[in-house]
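Colleague: Sequence plus predicted model, see below.
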Amino acid sequence: MNFLLADTFQSALAKLNNDEQKAVKLTVFDLQQDPSNPGLQFHRIDGSKDPNFWSLRVNRDIRLIVHKTKSSFLVAYVDHHDDAYKWAERRRIDKHPRTGAARIVEVRERVEEITIPRYIEAKLPAPAIVAEAPSKFYPPLFLKLSEEDLLNAGVPQDWIEDVRNASEDNFFDLADYIPDEAIEALMDYVDTGKLVVPGEAAPDCDPFVHPDAQRRFRVMDNVEELEQALNYPWDKWAIYLHPAQQQLVDGSFSGPTRVAGSAGTGKTVVALHRAAHILRTDRQAKLLLTTFSSPLSNALEHKLKQLLHDDVNLDHRVSVLPFEGVAKQLFTLVHAHDPKMARREHVAPALTQAAKELNLEGFTDRFLMSEWRNVVDAWQIDGHEAYARVPRLGRKNRLGNRQREKLWPVFERAREILASQNRYTPATVFGEVAAYYKDRPNKPFTHIIVDEAQDLGVPELKMIAAMAPNDPESLFFAGDLGQRIFQEPFSWLGLGIDVRGRSHTLKVNYRTSHQIRQSADKLLPTVVRDVDGIKEDRRGTVSVFNGPDPEIQVHSDENEEIRVIGLAIHEALEEGLLPEEIGVFVRSSDKLDRARKAVKEAGQVPLELSDRVEDRIGRVAIGTMHLAKGLEFRQVIVMACDEEVLPDQDRIDTVADEVELDEVYDTERHLFYVACTRAREKLIVSGVSPASEFFADLKGGVI
Ligand SMILES: Nc1ncnc2c1ncn2[C@@H]1O[C@H](COP(=O)(O)OP(=O)(O)OP(=O)(O)O)[C@@H](O)[C@H]1O
């Protein structure tokens with residue numbers, strides 16, 4: 001007999017106090033050990049539409065709601081006595097008519113008793129705001145769909161009429177009553193005009209183990225799994241996966257594989273589960289899970305431990321490190337000493353000195369640094385010939401042979417200067433590690449999983465390619481081209497990494513409300529192609545919950561902006577948000593002062609994010625958009641977005657040609673997109689008039 005937990009049970013458990021939770025957990029363990037234990041007091045819920053719902057006594061006040069059939073035992077809900085009974089009376093378990101996936105359905109007649117939570121929008125002084133008024137007329141969305149269409153999409157019979165009459169204004173009010181797969185199919189229909197009907201179930205399919213059912217019910221195979229599900233602070237992502245995520249987690253692939261998807265679609269969650277899956281199923285696996293920065297890799301490590309139940313046997317076979325951290329560790333292993341790093345502050349004077357010594361004229365310091373970083377150092381160019389041949393996306397238009405001849409000796413000299421100081425750039429360290437492992441049969445890892453893969457540079461990817469064994473399953477990447485902010489694009493194929501035919505896009509956004517996602521998506525083209533022509537299509541992405549429209553504020557001056565944003569932070573805290581649930585971002589560090597003042601205006605002490613800051617408890621975070629990567633907050637404020645600040649006018653002023661201008665615009669948009677999509681429920685963007693040209697794109701974003 002299957003023993004299952006429902007996500008509704010775990011959400012309900014999280015709402016009880018500590019003592020109550022402890023008592024519930026003991027009862028659930030007893031139940032899993034022996035459901036026929038005579039000490040367990042079951043009572044059938046007479047008022048329920050489903051005869052298989054029973055209550056089980058936890059203590060005088062608390063009742064578990066279980067659903068018992070011949071083949072399964074489902075722990076469905078827990079609450080105080082009367083509320084637990086009320087919940088069960090309003091529910092039945094049925095099967096999706098096509099897929100056969102089991103689902104908990106709320107019975108329609110009693111729904112008037114339910115108050116649907118609505119977001120309260122903060123009121124801000126009227127004159128400062130130039131937000132677009134939402135349209136007042138909301139036509140029904142699904143009138144063209146027949147009852148059969150809706151049933152096939154997974155709408156329970158009781159809810160057909162409500163769905164047929166639903167408009168953009170109230171559709172999400174229904175979301176709590178309709179299974180996730182139906183909401184997703186309907187949102188996809190709104191987006192694309194096509195209703196995708198799922199395939200028919202296999203006749204012998206167990207309704208509770210169908211992939212769609214596993215988003216809400218999880219079979220607990222043993223006591224350890226149950227312990228994990230009950231013991232950790234409960235996180236839905238750790239237990240219930242979307243079928244598309246599950247396929248990527250345990251799928252077999254014929255070569256390097258990439259998971260794409262817009263911000264918040266659960267790519268990191270897939271990377272984490274895949275790592276755990278490999279470690280569990282392959283006892284010989286030695287796995288590297290790597291990402292862009294230390295805070296991100298620390299966050300990954302923390303979450304992976306959660307998935308591995310702190311199992312030391314699995315723990316010692318995995319390294320979770322940032323790209324540079326892996327390189328430094330392996331470099332040290334190979335050379336028996338740490339690399340002394342050449343950072344920007346060492347490279348810039350070396351370039352300036354070299355340019356001066358060789359009387360180079362006609363090139364700015366900024367150009368030299370960019371050419372060094374993106375071409376010379378990135379590709380580890382070792383001579384004039386190689387410099388002439390290097391694949392130069394976008395840069396080839398503007399550097400003729402004569403210019404390259406003038407430039408190369410300068411770069412060569414800068415390299416000598418750094419070598420005389422015994423300094424290695426990160427790219428050199430990556431290069432050394434790549435050179436060491438490239439032709440060796442023994443690799444340091446059997447599997448490499450990369451998160452934030454859109455920000456892999458040439459040297460990083462070369463190192464990863466050299467470290468990966470020649471096995472189709474050895475490389476797995478997670479990333480979103482629309483969030484590329486640190487690297488210029490280049491061909492992965494050119495470095496031997498071929499993900500063609502194995503790039504999969506996730507479409508369900510778990511982080512961000514429908515309104516915020518839809519507005520933020522307007523900042524980017526719907527289809528983005530990488531250099532190798534692989535398409536990432538954002539169309540058809542759905543968010544599964546509703547929230548207020550993003551607020552766009554244009555202020556007359558900085559003081560006014562600071563005052564209004566301060567008030568918004570204050571109001572958010574009054575409404576119950578914790579300080580650490582709010583993040584304030586600006587384009588660059590010279591605008592941080594405006595964020596700092598706004599947070600202080602709200603009576604809070606700001607916490608300045610950096611590469612090292614991880615503990616944000618009790619403080620409102622402020623930081624540059626670059627530091628927003630990988631974070632999430634209930635409320636995000638992106639402020640100081642004035643004209644000339646976003647996109648950054650300094651960058652625009654120094655571009656050499658159209659191609660580089662496009663690249664600057666792309667990365668500036670990506671930055672803004674990354675910052676906006678850190679918001680779960682509420683987003684405010686603001687600037688001083690004239691404001692960023694990107695506001696116009698966001699404004700068009702509300703359906
Ligand atoms: N199956 C799931 N069930 C519930 N929550 C999920 C699920 N998958 C992801 N989430 C939640 O959605 C949010 C976004 O997930 P994640 O960080 O993996 O997305 P991402 O695609 O990597 O985002 P980004 O591109 O912004 O880095 C997180 O809060 C995560 O816990």
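Modeller: Perfect, thanks for sending it.

Colleague: Show me the helices in the stretch 451-600 of the chain, by range?
Modeller: Counting by DSSP state H, counting those that start in this stretch, the stretch 451-600 of the chain has helices at residues 458-467, 514-521, 558-574, 592-601.

Colleague: for those helices, which one ends up most surrounded?
Modeller: helix 514-521 (a mean of 26; mean count of other CB atoms under 10 Å). Where C-beta positions appear, they are placed from N, C-alpha and C, glycine not excepted.

Colleague: helices and strands around the helix or strand harbouring residue 650, which ones?
Modeller: According to DSSP states H and E, residue 650 maps onto helix 649-653. Contact here means 3 or more CB pairs under 8 Å, 6 or more residues apart in numbering; DSSP states H and E; on that basis helix 649-653 packs against helix 658-676.

Colleague: buried set for the next helix or strand after the helix it packs on?
Modeller: Using DSSP H and E, the helix or strand that directly follows helix 658-676 along the chain is strand 679-688. Along strand 679-688, these residues count as buried under the neighbour rule (16 or more other CB atoms under 10 Å): 679, 680, 681, 682, 683, 684, 685, 686, 687, 688.

Colleague: Show the contacting residues for the residue lying closest to residue 600 once chain neighbours are set aside.
Modeller: Excluding its sequence neighbours, the residue lying closest to residue 600 (CB to CB, 6 or more residues apart in numbering) is residue 606, at 6.9 Å. Counting by CB atoms under 8 Å, 6 or more residues apart in numbering, residue 606 makes contact with 584, 595, 596, 599, 600, 619, 620, 621, 622.

Colleague: what two of those residues have the greatest distance between them?
Modeller: 600 and 621 (13.9 Å; CB to CB).

Colleague: Tell me which stretches of the stretch 1-150 of the chain form strands.
Modeller: Ranges of strands in the stretch 1-150 of the chain, per DSSP state E, counting those that start in this stretch, are 2-6, 42-44, 53-57, 62-68, 72-80, 91-95, 102-106.

Colleague: Make sure residue 152 is indeed in a helix.
Modeller: Yes - assessed with DSSP: H, G, I helix; E, B strand; the rest coil, residue 152 lies in a helix.

Colleague: In three-state terms, label residue 314 for me.
Modeller: helix.

Colleague: Run through the residues that contact it.
Modeller: 276, 279, 280, 308.

Colleague: For those, work out which two are farthest apart.
Modeller: Once CB to CB is applied, the contacts of residue 314 give 280 and 308 as the farthest pair, at 8.1 Å.

Colleague: Between these two, which has more neighbouring residues?
Modeller: Neighbour count, other CB atoms under 10 Å: between residue 280 and residue 308, residue 308 has more, with 20 against 14.

Colleague: Tell me the spacing between that one and the ligand.
Modeller: 17 Å (CB to the nearest ligand atom, to the nearest Å).

Colleague: Nearest residue to that residue in space, ignoring adjacent ones along the chain?
Modeller: residue 314 (4.7 Å).

Colleague: Would you mind measuring from that neighbour to the ligand?
Modeller: From residue 314 to the ligand the distance is 21 Å (CB to the nearest ligand atom).

Colleague: backbone phi and psi for the residue in the stretch 351-500 of the chain positioned nearest to the ligand, please?
Modeller: Nearest residue of the stretch 351-500 of the chain to the ligand: residue 480, at 4.9 Å (CB to the nearest ligand atom). Main-chain torsions, residue 480, degrees, to the nearest 10: phi -130, psi 120.

Colleague: I'd like the mean pLDDT over the stretch of helix or strand residue 226 belongs to, please.
Modeller: Element membership for residue 226 (DSSP H and E) is helix 223-231. Confidence for helix 223-231, expressed as mean pLDDT, is 80.

Colleague: How about stretch 672-691?
Modeller: 97.

Colleague: Look up the closest residue to residue 634, ignoring the ones flanking it.
Modeller: That would be residue 581: by CB to CB, 6+ apart, it lies 4.1 Å from residue 634.

Colleague: So for the one you found, what pLDDT did the model give?
Modeller: Value for residue 581, per-residue pLDDT: 96.

Colleague: Next up, the contacts around it.
Modeller: Shown in contact with residue 581 (CB under 8 Å, 6+ apart): 633, 634, 635.

Colleague: again, but for residue 54
Modeller: With CB under 8 Å, 6+ apart, residue 54 has these contacts: 42, 43, 44, 45, 65, 66, 67, 68.

Colleague: measure the residue nearest the centre of the chain to the ligand for me?
Modeller: Closest residue to the average C-alpha location of the chain: residue 264 at 3.5 Å, with CA atoms, centre = their mean. From residue 264 across to the ligand, the span is 4 Å (CB to the nearest ligand atom).

Colleague: Likewise for residue 35?
Modeller: 28 Å.

Colleague: and if you look at residue 31?
Modeller: From residue 31 to the ligand the distance is 25 Å (CB to the nearest ligand atom).

Colleague: Ok, residue 217 next?
Modeller: 13 Å.

Colleague: State the number of residues packed around the residue lying closest to that residue once chain neighbours are set aside.
Modeller: Nearest residue to residue 217, sequence neighbours excluded (CB to CB, 6+ apart): residue 4, at 4.7 Å. Look at residue 4: counted by other CB under 10 Å, it has 23 neighbours.

Colleague: Around the ligand, which positions in the stretch 501-650 of the chain sit nearby?
Modeller: 510, 511, 630, 632 (CB under 6 Å from any ligand atom).

Colleague: who touches the third one in this structure?
Modeller: This points to residue 630. Counting by CB under 8 Å, 6+ apart, residue 630 has contacts 268, 291, 292, 293, 295, 296, 299, 452.

Colleague: next one: phi and psi at it?
Modeller: Per degrees, to the nearest 10, the backbone of residue 630 is at phi 80, psi -10.

Colleague: Okay, it and residue 79: tell me how far apart.
Modeller: Residue 630 sits 35 Å away from residue 79, going by CB to CB, to the nearest Å.

Colleague: Residue 388 - how many residues pack around it?
Modeller: 14.

Colleague: surely it meets residue 401?
Modeller: Yes - applying CB atoms under 8 Å as the test, residue 388 and residue 401 come out as touching, 7.0 Å apart.

Colleague: one step back: for the contacts of residue 54, work out which two are farthest apart.
Modeller: 43 and 67, at 13.7 Å, using CB to CB across those.

Colleague: Between those two, which has more neighbouring residues?
Modeller: Comparing residue 43 with residue 67 by other CB under 10 Å, the one with more neighbours is residue 67, at 26 against 11.

Colleague: OK, contacts around the residue nearest to residue 217?
Modeller: 72, 73, 74, 75, 208, 217, 218, 219, 220.

Colleague: just residue 246 next, same as before
Modeller: Counting by CB under 8 Å, 6+ apart, residue 246 touches 211, 214.

Colleague: which SS class is it?
Modeller: helix.

Colleague: With the ligand as the reference, measure out to it.
Modeller: 9 Å.

Colleague: Please apply the same query to residue 155.
Modeller: Applying CB to the nearest ligand atom to residue 155 and the ligand gives a distance of 21 Å.

Colleague: what's residue 29 in contact with, if anything?
Modeller: Residues near residue 29 by CB under 8 Å, 6+ apart: 223, 226, 230.
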